[in-house]
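Chemist: What follows is a predicted protein model with its sequence.
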There are 2 protein chains.
Amino acid sequence: MATPQIDNLNVVPFVSVDNMMKLVLTIGVETVICGIAEQIESDFKRWESFDKTARIASHSKEGVIELMPTSDGEVYGFKYVNGHPKNTKEGLQTVTAFGLLADVDTGYPVLLSEMTILTALRTAAMSAVAAKYLAPKGAKVMAMIGNGAQCEFQALAFKTICGIDTVRLFDIDPVATDKAVLNLQKSGLTVIRTHSHQECVTGADIITTCTADKQYATILTDNMVGSGVHINAIGGDCPGKTELHKDILLRSDVFVEFPPQTRVEGEIQQLDEDHPVTELWKVINGDENGRTSEQQITLFDSVGFAIEDFSALRYLLNAIKGSNFYDELDMIADPDEPRDLFGMVQRAKANL
Amino acid sequence: MATPQIDNLNVVPFVSVDNMMKLVLTIGVETVICGIAEQIESDFKRWESFDKTARIASHSKEGVIELMPTSDGEVYGFKYVNGHPKNTKEGLQTVTAFGLLADVDTGYPVLLSEMTILTALRTAAMSAVAAKYLAPKGAKVMAMIGNGAQCEFQALAFKTICGIDTVRLFDIDPVATDKAVLNLQKSGLTVIRTHSHQECVTGADIITTCTADKQYATILTDNMVGSGVHINAIGGDCPGKTELHKDILLRSDVFVEFPPQTRVEGEIQQLDEDHPVTELWKVINGDENGRTSEQQITLFDSVGFAIEDFSALRYLLNAIKGSNFYDELDMIADPDEPRDLFGMVQRAKANL
């Protein structure tokens, strides 16, 4: 695998939060999102070459910690991610993450990165890729319910990949909307502040729901969703956490990432286990239809899948080549004689 | 959870390979092994309070990459570890590893560490803890077949925890034995170099097998193992990789870490799925017998379990407190307003 110019076997390139921000600002948020989106499309087209497993979750009263591994036989990747809705009240992030790529042939890590920011970027990229195949033609207006950490990334992804020119914002906490309005003021988007769920979705071609409460919620009720709309549902992503009324699901054609995971974690946890869904990768590679009529309600029931993180990390590994956007982490013990781990430790006495 | 004195939420303490070596040398290898052993015993006594899952393995032609998570409801831990027997020929480690602890209540990581060296220390500590309960009384002589990266750590663990005073070494590659003899010359152990499997085990109270080939091997045949011996089998630890002849297993009382994992990965993969085994934690907390007679052959069929890594990381987290043996890693995005991840990225422009 091509890696940054690192000669020492003990060293793993590490992208810190600070370096991730510098990289994103230097390259540009929209360009990064487009780059990740291209990698996701390319990896979804070869979906069958990946080892796929539902994420391994450790649930507690307050949240969940998950490991999301995958491999294409050449490169292995995984993400560590938590989800703790109550964190926000304590001044902490609901979701934090980091991730790793390794060389399957040797098992040696080749990249460690913060993934809180990278996950926001890849989630936005994934949503926009899905909408590219599912949203009504010529969609210009997106409603966004939930104006938290994901909001601006989603808005920019839909602008740059789907051609959205207007976002309509609503959050039950007006402070969140204040923040989003401010952050998007120079985005080139027309930003409209609304004062209710109903007002928010009025006239929207695409409805994005990205709220954070860990509960069965009904952000959208059936009467709020007209025909022809594309729903990008990203907030309902763990058991017991949904955003849409069941009746909406029954009127929609549902598209998912990895069915065994989505049936447990997504909006469709409300439906029977055999409710028909379409795998998005089959739409992307042309095996299945995406949107087929103007009246159809399409729903991307997104929960986030390991291959998306893999794609984002692959993008990143490529992006840091020849740059200063990484540190060298002394993470792999590398004795001159591989069997002499003990001797390596002993010889380190000289450096004490 | 008690953590090192770190005030910034973005920072995760990181123990590099260099710092791990300095810590081990400053505290002393045997003292570190004893500390980890105490933590393992303490955690095995409360075995039932842990989330347990067999490790999540990604197999390839040349090896395996595994994630080993566990949690006691307050602290979450996992280890990334590879196993690539052919690596040695390329000047790489067969096994490299790193691990992490996180606070279950917030999901925030509290420790990242190299674990190649730490795994060697914890594996040795685990073996010696098992032998404390299973080896014949007054055992003084240990045979060690396989003199690779694990060898010296095992020797010191059995010296300090079990009172072994003599080790008998054999490896099919005499260079590996040369290395072990040299590394152990000031250990206080009598070190005897032998020239065959048979010679090695002669007169030994404990037999440790730690070879590395990924194949069904027969390091020990039935006639080599006399009554009353304790076998510490640590090299057979993945599907298709065993060290002992099946007949030895049938003559032994078999003790294991986590049966669902050992039945797939351990020596007992050669036996029927319902072959009786004793869980070591039950011996440690007094629910089951360890060794009950002088004639009994006891076998610790060790494959390594996530709780052992958890224990080692807990020991480490405590050991680095107030020390300089860690770096501060900028790994967690921490905006002043948790929902303003986008704004944090934008404001970083000031630092470009």
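Modeler: That came through, no problem.
Chemist: how about the strands of the stretch 1-150 of chain A, start to end?
Modeler: Per DSSP state E, counting those that start in this stretch, the stretch 1-150 of chain A carries strands over the ranges A:11-15, A:56-59, A:64-71, A:75-83, A:97-103, A:109-114, A:141-145.
Chemist: go on, the stretch 151-300 of chain A?
Modeler: So, for the stretch 151-300 of chain A - with DSSP E, counting those that start in this stretch - the strands run A:166-170, A:190-193, A:206-209, A:216-220, A:230-233, A:242-244, A:252-256, A:278-279, A:297-301.
Chemist: Turn the ones you listed into CSV, columns for mean pLDDT and distance to chain B.
Modeler: (Each C-beta comes from the backbone N, C-alpha and C, glycine too.) As requested, these are exported to CSV (pLDDT from 0 to 100; distance: least, Cβ to the nearest Cβ, whole Å):
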stretch, mean pLDDT, distance to chain B
strand A:166-170, 98, 13
strand A:190-193, 98, 13
strand A:206-209, 96, 15
strand A:216-220, 79, 16
strand A:230-233, 96, 18
strand A:242-244, 88, 17
strand A:252-256, 97, 22
strand A:278-279, 98, 22
strand A:297-301, 97, 21
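Chemist: Turn those strands into TSV, columns for mean neighbour count.
Modeler: TSV is the format used below for the strands of the stretch 151-300 of chain A (neighbours: other Cβ atoms under 10 Å in any protein chain shown):
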stretch	mean neighbour count
strand A:166-170	23
strand A:190-193	16
strand A:206-209	27
strand A:216-220	19
strand A:230-233	28
strand A:242-244	26
strand A:252-256	22
strand A:278-279	18
strand A:297-301	26
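Chemist: can you put those in JSON lines and add distance to residue A:337?
Modeler: Listed next are the strands of the stretch 151-300 of chain A as JSON lines, based on distance: least, Cβ to Cβ, whole Å:
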{"stretch": "strand A:166-170", "distance to residue A:337": "60"}
{"stretch": "strand A:190-193", "distance to residue A:337": "62"}
{"stretch": "strand A:206-209", "distance to residue A:337": "56"}
{"stretch": "strand A:216-220", "distance to residue A:337": "58"}
{"stretch": "strand A:230-233", "distance to residue A:337": "54"}
{"stretch": "strand A:242-244", "distance to residue A:337": "56"}
{"stretch": "strand A:252-256", "distance to residue A:337": "50"}
{"stretch": "strand A:278-279", "distance to residue A:337": "49"}
{"stretch": "strand A:297-301", "distance to residue A:337": "53"}
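Chemist: Residue A:61: how many residues sit nearby?
Modeler: With neighbours defined by other Cβ atoms under 10 Å in any protein chain shown, the count for residue A:61 comes to 8.
Chemist: How about residue A:211?
Modeler: Residue A:211: 22 neighbours (other Cβ under 10 Å).
Chemist: How about the contacts made by the closest residue to it other than its chain neighbours?
Modeler: Spatial nearest neighbour of residue A:211, excluding adjacent residues (Cβ to Cβ, 6 or more residues apart in numbering or on different chains): residue A:146 at 3.7 Å. Counting by Cβ atoms under 8 Å, 6 or more residues apart in numbering or on different chains, residue A:146 makes contact with A:171, A:176, A:208-212, A:219, A:235.
Chemist: per-domain residue ranges of chain A.
Modeler: Chain A breaks down into these domains under automatic domain parsing: A:11-117+A:307-343, A:123-304.
Chemist: can you give me how far the longest one is from the chain middle?
Modeler: Domain A:123-304 sits 13 Å away from the centroid of its parent chain (Cα atoms, centre = their mean, to the nearest Å).
Chemist: Verify the stated contact: residue A:72 with residue A:49.
Modeler: Yes. Contact criterion Cβ atoms under 8 Å: residue A:72 and residue A:49 qualify, at 5.3 Å.
Chemist: Who has more neighbours out of these two?
Modeler: Set side by side, residue A:72 and residue A:49 show more neighbours around residue A:72, with 17 against 11, by other Cβ under 10 Å.
Chemist: low-scoring stretches of chain A, by residue?
Modeler: A:1-7, A:213-216, A:236-237 (pLDDT under 70).
Chemist: any idea how far the residue nearest the centre of it lies from chain B?
Modeler: Most central in chain A under Cα atoms, centre = their mean is residue A:123, positioned 2.4 Å from the mean C-alpha point. Computed as Cβ to the nearest Cβ, to the nearest Å, the residue A:123 to chain B distance reads 11 Å.
Chemist: ok, that residue touching residue A:153?
Modeler: Yes. Contact criterion Cβ under 8 Å: residue A:123 and residue A:153 qualify, at 7.2 Å.
Chemist: need the contact list for the residue nearest to residue A:42 when sequence neighbours are not counted.
Modeler: Closest residue to residue A:42 apart from its sequence neighbours, by Cβ to Cβ, 6+ apart: residue A:311 at 7.6 Å. By Cβ under 8 Å, 6+ apart, the residues touching residue A:311 are A:36, A:39-40, A:42-43, A:122.
Chemist: from those, which is closest to residue B:251?
Modeler: residue A:43 (51.5 Å; Cβ to Cβ).
Chemist: hang on, the closest one packs against residue A:305?
Modeler: No. Counting by Cβ under 8 Å, residue A:305 is not a contact partner of residue A:43; they are 10.4 Å apart.
Chemist: sorry, back to before: can I get the domains of chain A in TSV including distance to residue B:250?
Modeler: Formatted as TSV, those follow (distance: least, Cβ to Cβ, whole Å):
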stretch	distance to residue B:250
domain A:11-117+A:307-343	32
domain A:123-304	40
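Chemist: Next, residue A:332: phi, psi?
Modeler: phi -110, psi 120 (degrees, to the nearest 10).
Chemist: Distance check, it against residue B:319.
Modeler: 21 Å (Cβ to Cβ, to the nearest Å).
Chemist: and what of residue A:163?
Modeler: 56 Å.
Chemist: what about the two, which has more around it?
Modeler: Legend: neighbour count by other Cβ under 10 Å for residue A:163 and residue B:319, higher for residue B:319 (20 against 13).
Chemist: contacting residues for the residue lying closest to the more buried one once chain neighbours are set aside?
Modeler: Nearest non-adjacent residue to residue B:319, counting by Cβ to Cβ, 6+ apart: residue B:23, 6.3 Å away. With contact set as Cβ under 8 Å, 6+ apart, residue B:23 has these partners: B:15, B:32, B:316, B:319-320, B:323, B:325.
Chemist: Please pick the buried ones from these.
Modeler: For the contacts of residue B:23, a burial check counting by 16 or more other Cβ atoms under 10 Å in any protein chain shown picks out B:15, B:32, B:316, B:319-320, B:325.
Chemist: Longest helix of chain A, counting residues only.
Modeler: Secondary structure of chain A read by DSSP state H shows that its longest helix is helix A:116-134.
Chemist: Report how many residues lie close to the closest residue to residue A:159 other than its chain neighbours.
Modeler: Nearest non-adjacent residue to residue A:159, counting by Cβ to Cβ, 6+ apart: residue A:189, 5.6 Å away. Residue A:189 has 18 neighbouring residues, counting by other Cβ under 10 Å.
Chemist: Having no further points to raise, I will conclude here.
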